[in-house]
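Trainee: below are the sequence and a predicted model; questions follow.
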Amino acid sequence: MMVGLLFQQLYNTVDSIIVGQFVNKQALAAVGSTSSIINTLVGFSAGLSTGSSVIISQCYGARDRKGLHDAVHTTIMLTFILSVVLTLLGVLLVEPLLKMQNTPDDVMPEATTYLRIYFLGITGLLFYNTGASVLRAVGDSRRPLYFLIFSAVLNTVLDLLFVLAFGWGVAGVGYATLLAQLISAILVLVVLTLDKAPYGIRWKEMSMNLSTLRRILGVGLPSGIQQALTSFSNIFVQSYVNHFGSACMAGWSSCNKLDAFLTIPMQSIALASTTFVGQNYGAK
């Protein structure tokens with residue numbers, strides 16, 4: 001899990017490194033200044049994913065095949081709905097949110113471009129996280145890691161191709177991330193579809209069980225709101241930084257990338273504990 005989170009963090013970090021080295025400081029500031037906005041919506045969905053993971057791990061520990069089937073398929077349906085809602089919200093709110101955090105005029109065009117592309121591809125990120133959370137809930141943290149390593153390497157290659165060869169700038173790193181996340185989502189969904197275990201996806205049996213949904217939301221909503229509020233508060237912090245201009249924004253962005261790596265060990269222990277406790281709680 002720790003290695004997986006490391007590679008997941010590399011997505012945005014590699015974007016920042018490449019635009020910082022090969023485009024300009026405005027591009028680095030644009031990519032970095034969007035993190036709080038992205039994390040507000042993604043953090044909310046990640047919190048809901050925690051709720052799904054808890055319920056799935058409890059059903060797995062209790063050997064409740066029916067409950068496990070319902071939890072997985074309800075989670076997939078919920079992710080689909082979230083993907084539609086967050087894509088629409090993200091695209092519509094890009095400019096208002098960037099203005100809220102006082103994005104300077106010389107950064108605004110590139111920040112708008114990057115953020116809009118990111119939200120158009122958020123479905124890939126959400127479905128990867130959902131599929132990975134299902135596998136982790138039953139104790140399989142290796143296959144999600146392999147897919148993440150592959151997609152992180154692919155993201156880096158596409159970044160270099162789109163920026164250096166095609167000269168697409170910020171849009172290039174946005175499209176590279178979109179494609180890499182989409183492929184990682186497809187890989188994890190294919191694995192779950194082919195898996196004959198009770199937690200495998202059966203597309204013909206796709207439905208949303210309301211009682212299971214209530215249990216998922218009961219755990220996931222508080223966690224999602226907590227993560228979204230934390231990130232949303234950082235939008236205001238970013239707005240103070242933005243007053244100092246694009247050079248300061250670029251420096252702040254670099255600092256935040258390093259800070260994100262420092263939280264990975266704590267996140268990994270928390271995720272592992274959630275799976276372990278959930279399974280044992282289910283098994284009584």
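Mentor: Perfect, I can see it now. Residues are numbered from 1 along each chain as shown.

Trainee: list the contacts for the residue nearest to residue 145 when sequence neighbours are not counted?
Mentor: Using CB to CB, 6 or more residues apart in numbering and skipping the chain neighbours, the partner closest in space to residue 145 is residue 4 (4.4 Å). Heads up, the C-betas are built off the backbone N, CA and C, glycines and all. Residue 4 makes contact with 132, 141, 144, 145, 148, according to CB atoms under 8 Å, 6 or more residues apart in numbering.

Trainee: what strand or helix carries the last one?
Mentor: When you say that, I think you mean residue 148. Assessed by DSSP states H and E, residue 148 sits inside helix 142-160.

Trainee: what's the average pLDDT for that helix?
Mentor: For helix 142-160, mean pLDDT is 92.

Trainee: repeat for stretch 51-62
Mentor: 95.

Trainee: now do that stretch: everything it contacts.
Mentor: Contacts for stretch 51-62 (CB under 8 Å, 6+ apart): 67-68, 71-72, 74-75, 78, 130, 133-134, 136-139, 199, 212, 215-221, 223-224, 274-275, 278-284.

Trainee: which among these end up buried?
Mentor: By neighbour count, with 16 or more other CB atoms under 10 Å, those hold 67-68, 71-72, 74-75, 78, 130, 133-134, 136-138, 199, 212, 215-217, 219-220, 223-224, 274-275, 278-279, 282 as buried.

Trainee: among those residues, which are in helices?
Mentor: 67-68, 71-72, 74-75, 78, 130, 133-134, 136-137, 212, 215-217, 219-220, 223-224, 274-275, 278-279, 282 (DSSP state H).

Trainee: and residue 267, how far from residue 1?
Mentor: Per CB to CB, to the nearest Å, residue 267 is found 8 Å from residue 1.
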